[in-house]
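Student: Please work out how this folds:
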Amino acid sequence: MSSDRDMIEALCTAGDSFYQRGYAHGSTGNLSVRVGDRVTITATGGSLRGLHPDQLAHVDLDGRCLNQHRPSKEAPFHLAVYRTRPEARAIVHLHSPWSVALSCLENPEVAPVTPYYYMRVAPLGIVPYFRPGSPALAVAVEATARGHRCMLLRNHGPICAGASVAEAVDRAEELEATARLHFALRGEKIQPLGPTEIEELLRTFGTP
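Tutor: A predicted model of the protein is given here:
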């Protein structure tokens, strides 16, 4: 099992990679890992570019600061997911462009066009719009997280939780790829996976 330091290093590597690939820009996006009763999360106003462990904030599960860095204003919804999903050890929240575009549609549902969407993302929870950092947003995320490991905040962006940093990253990348396919295929006659194919995937791989 990875050490605490390994998880934090993986979080920093993922953050910089997201920035370099255009999944985050400016100071957008926030990532976290949970180790025991402590959550390490990106600091408020910080960029994911060149992210380093010394730049991260540490909080307990009640949100109390444990070092000199102020956590992201979205820390409350990270903590809400960890409370609701005890198996979660990492959370990725991005403003990745295709997922954000999807979140702005009147109907943000996507057709199941690839097996990987079911293996890594589905079911996708849709969270109503609340301003960033709103306590009401954390409440809505907590309610939605009970049945979903991947969520889409309306007019905002995705949240993906995983049992490791790699798993949370995979889910965020798969959701972004699916959103991009959704827009690429709009207006085309598509052949989505049917109930039989979906049942086989769930039977073989389980839920994400």
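Student: Show me where this structure has its helices.
Tutor: 4-20, 75-84, 97-103, 115-120, 135-145, 165-184, 195-205 (DSSP state H).
Student: so which of these gets nearest Q55?
Tutor: helix 4-20 (8.2 Å; Cβ to Cβ). Any C-beta I mention is one placed from the backbone N, CA and C, and that applies to glycine too.
Student: So which of the helices of the chain is nearest V39?
Tutor: helix 75-84 (6.5 Å).
Student: That closest one: how far from the chain's middle?
Tutor: 12 Å (Cα atoms, centre = their mean, to the nearest Å).
Student: helices or strands up against that helix?
Tutor: Packing contacts for helix 75-84, counted by 3 or more Cβ pairs under 8 Å, 6 or more residues apart in numbering; DSSP states H and E, involve strand 30-35, strand 38-41, strand 57-60, strand 90-93, helix 135-145, strand 157-162.
Student: Can you convert the ones you listed into CSV and add a column each for distance to R120, mean neighbour count and mean pLDDT?
Tutor: Listed next are the helices and strands packed on helix 75-84 as CSV, based on distance: least, Cβ to Cβ, whole Å; neighbours: other Cβ atoms under 10 Å; pLDDT from 0 to 100:
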stretch, distance to R120, mean neighbour count, mean pLDDT
strand 30-35, 17, 24, 96
strand 38-41, 23, 21, 96
strand 57-60, 28, 18, 96
strand 90-93, 12, 29, 98
helix 135-145, 16, 18, 97
strand 157-162, 9, 28, 98
